[in-house]
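# all I have is the shape, not the residue letters:
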């Protein structure tokens, strides 16, 4: 099920449509109930990017181990 989420960044509203899973990921680092500054948005991006890079490395390591079997 999708719903609209509104983020306030530098006193401007940005509304997106997201499913529940995406909502949880986005709200992990950004508060939808208050105004966020640009640096909070950048920090959230950097944290999610780091999570992705760690996950990607783990998947590559597993794939390499499986290829060697």
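Noted; the coordinates are in hand. Everything numeric in this text was worked out from a predicted model, so none of it was measured.
# immediately after the helix or strand of the chain with the lowest mean pLDDT, which helix or strand?
Of all helical and strand segments in the chain, the minimum by mean pLDDT, DSSP states H and E falls on helix 20-27, at a mean of 90. The element immediately downstream of helix 20-27 (helix or strand, assigned by DSSP states H and E) is strand 35-36.
# show the subsequent helix or strand relative to that next one.
helix 38-67.
# what pLDDT, on average, does that next one get?
The predicted model assigns helix 38-67 a mean pLDDT of 95.
# helices or strands next to that helix in the packing?
strand 2-9 (3 or more CB pairs under 8 Å, 6 or more residues apart in numbering; DSSP states H and E). C-betas here are computed from N, CA, C, even on glycine.
# packing partners of the strand it packs on?
Under the contact criterion of 3+ CB pairs under 8 Å, 6+ apart, strand 2-9 touches strand 12-19, helix 20-27, strand 35-36, helix 38-67.
# tell me which residues of the longest one are tucked away?
Within helix 38-67, the residues that qualify as buried by neighbour count (16 or more other CB atoms under 10 Å) are 40, 41, 44.
# distance between that helix and the chain's centre?
On the basis of CA atoms, centre = their mean, to the nearest Å, helix 38-67 sits 11 Å off its chain's mean C-alpha point.
# got the angle for it vs strand 12-19?
30 degrees (axes from the mean of the first three to the mean of the last three CA atoms, to 10 degrees).
# turn the helices and strands packed on strand 2-9 into a markdown table, including distance to residue 1.
Formatted as a markdown table, the helices and strands packed on strand 2-9 follow (distance: least, CB to CB, whole Å):
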| stretch | distance to residue 1 |
| --- | --- |
| strand 12-19 | 7 |
| helix 20-27 | 7 |
| strand 35-36 | 25 |
| helix 38-67 | 23 |
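# nearest to residue 2, of the ones you listed?
When the helices and strands packed on strand 2-9 are compared by CB to CB, strand 12-19 sits nearest residue 2, at 5.1 Å.
# can you name every helix or strand that that closest one contacts?
Helices and strands touching strand 12-19, by 3+ CB pairs under 8 Å, 6+ apart, are strand 2-9.
# which of the residues in the strand it packs on are classified as buried?
Using 16+ other CB under 10 Å as the test for burial, strand 2-9 gives 5, 7.
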